[in-house]
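sequence below, structure please.
(one chain, ligands or ions: 1)
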Amino acid sequence: MSIALEHVSYIYDPDQKVKKYAVRDVSLEIKKGEFVSIIGHTGSGKSTLIQFMNGLLKPTEGRVLFEGQDVFEKGFSLKGLRQKVGISFQYPDNQLFESTILKDVMFGPKNLGQSREEAETNARAALKVMAVPEASYDKSPFELSGGQKRRVAIAGILAMNPDYLILDEPTAGLDPEGRDEILELIRTLNWSQGIAVILVSHSMEDVAEYAKRILVMNDGQIIMDDTPREIFKAYRDLETIGLSAPQVTYIAHALAEKGFLPYDTNVMTVEEAKKEILKVLKK
Ligand code: ADP
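Take a look at the predicted model:
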């Protein structure tokens, strides 16, 4: 099972004299169960790229395949695709619109043709998974805090039983606690239910901690596709395109320069730094 992009390119305004590609000749495959992050500075093409994956945008060139089938071919159900591949956009307010949280989360399943009862069962299960307190199900989604809104928006996707969950900056504007909570819930979904997660993020700390694979975008292209460890080893290259490594990586390198850590330190998370430092101290 996979989503594959084959030589996809996209131009927003084809009438321009000089063609400006938002995405240029990208090929990649994401398999069910993966946890992939997409990083890149603003305008590098991340949002455009994710919208191919559930058929919201049709590439100007190239093909989008879901389970090996061209999603823009006649007869392919885009509605079915959007059930299997859900996107949670950057601003949850734009995805919430019903009068109560429960109704909001039921909207997707009902739209798929489920009965009220079935939709409600699925909605309740999804809200539970996203740790939304039952006491708030009858509240308006607009009364919620930023973190809760995010969770309700994600529950709305989960209620449709997707195989792929695409999250565009799910932690933007949240405090560290809210950020960790939501990322932990997402990680649990990934390993316990095998839902593939595609996480667009500006936080190098978050992607180092959670992703198993990172795609680095620059100027509409994917310029690196590797494990977080390998990507952040090349932090000098990331800097040339306006990105960086997690802060703790810099601290570890500074310590290594002073001889306090091995010169080939590859630390990406605070937990790893702690272990490395303790190792040295114990010697
Ligand atoms: P990112 O998500 O990495 O910030 P985007 O995919 O939003 O990048 O943008 C890629 C390029 O496409 C940028 O140059 C951006 O200005 C342009 N772009 C994005 N959306 C539109 C749009 N609706 N109309 C015209 N150009 C757009």
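
pLDDT (mean, whole number) over the top helix by length along the chain?
In the chain, with assignment by DSSP state H, the single longest helix is helix 176-193. The average pLDDT within helix 176-193 is 93.

what does stretch 108-124 give?
So the average pLDDT for stretch 108-124 ends up being 94.

same question, stretch 74-91
92.

returning to that earlier point: packing partners of the longest helix of the chain?
helix 146-158, strand 164-168, strand 196-200, helix 204-210 (3 or more C-beta pairs under 8 Å, 6 or more residues apart in numbering; DSSP states H and E). C-betas here are computed from N, CA, C, even on glycine.

quick one, which of those is nearest to residue 26?
Proximity to residue 26 (C-beta to C-beta) singles out strand 196-200 among the helices and strands packed on helix 176-193, at 13.7 Å.

just to revisit the earlier point, how about residues contacting the longest helix of the chain?
Residues outside helix 176-193 that contact it (C-beta atoms under 8 Å, 6 or more residues apart in numbering): 33, 35, 129-131, 145-147, 150-151, 154, 158, 165, 167, 170-171, 174, 195-197, 199, 203, 206, 209-210.

local confidence estimate at residue 94?
73.

list the contacts of it.
Applying C-beta under 8 Å, 6+ apart, no residues contact residue 94.

beta partners for the residue nearest the centre of the chain?
Per C-alpha atoms, centre = their mean, the C-alpha nearest to the average position across the chain is that of residue 199, at 1.5 Å. Residue 199 has the following beta-bridge partners by DSSP bridges: residue 37, residue 167.

how much does the helix or strand harbouring residue 217 deviate in direction from strand 196-200?
According to DSSP states H and E, residue 217 maps onto strand 213-218. Orientation of strand 213-218 against strand 196-200 (axes from the mean of the first three to the mean of the last three C-alpha atoms, to 10 degrees) gives an angle of 30 degrees.

pLDDT on strand 213-218, on average?
98.

tell me what that strand is packed against?
strand 35-39, strand 221-226, helix 228-233.

could you dump these into CSV with mean pLDDT and distance to the ligand added?
Listed next are the helices and strands packed on strand 213-218 as CSV, based on pLDDT from 0 to 100; distance: least, C-beta to the nearest ligand atom, whole Å:
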stretch, mean pLDDT, distance to the ligand
strand 35-39, 98, 8
strand 221-226, 98, 11
helix 228-233, 95, 17
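
any idea which of these is most buried?
strand 35-39 (a mean of 23; mean count of other C-beta atoms under 10 Å).

please save the CA atoms from that one in CSV.
C-alpha atoms of strand 35-39 as CSV (Å, rounded to 0.1, in the frame of the first residue of the first chain):
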residue,chain,number,x,y,z
PHE,A,35,6.2,8.3,9.8
VAL,A,36,7.6,10.9,7.4
SER,A,37,8.3,14.6,8.0
ILE,A,38,8.5,17.2,5.3
ILE,A,39,10.7,20.2,6.1
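
and the angle from the helix or strand following it to strand 213-218?
The helix or strand immediately downstream of strand 35-39 is helix 46-53, counting by DSSP H and E. With the same axes, to 10 degrees as the basis, helix 46-53 and strand 213-218 are set at 120 degrees to each other.

name the SS class of residue 27, please.
The three-state label given to residue 27 by DSSP: H, G, I helix; E, B strand; the rest coil is strand.

neighbours of residue 188, how many?
13 (other C-beta atoms under 10 Å).

likewise for residue 75?
6.
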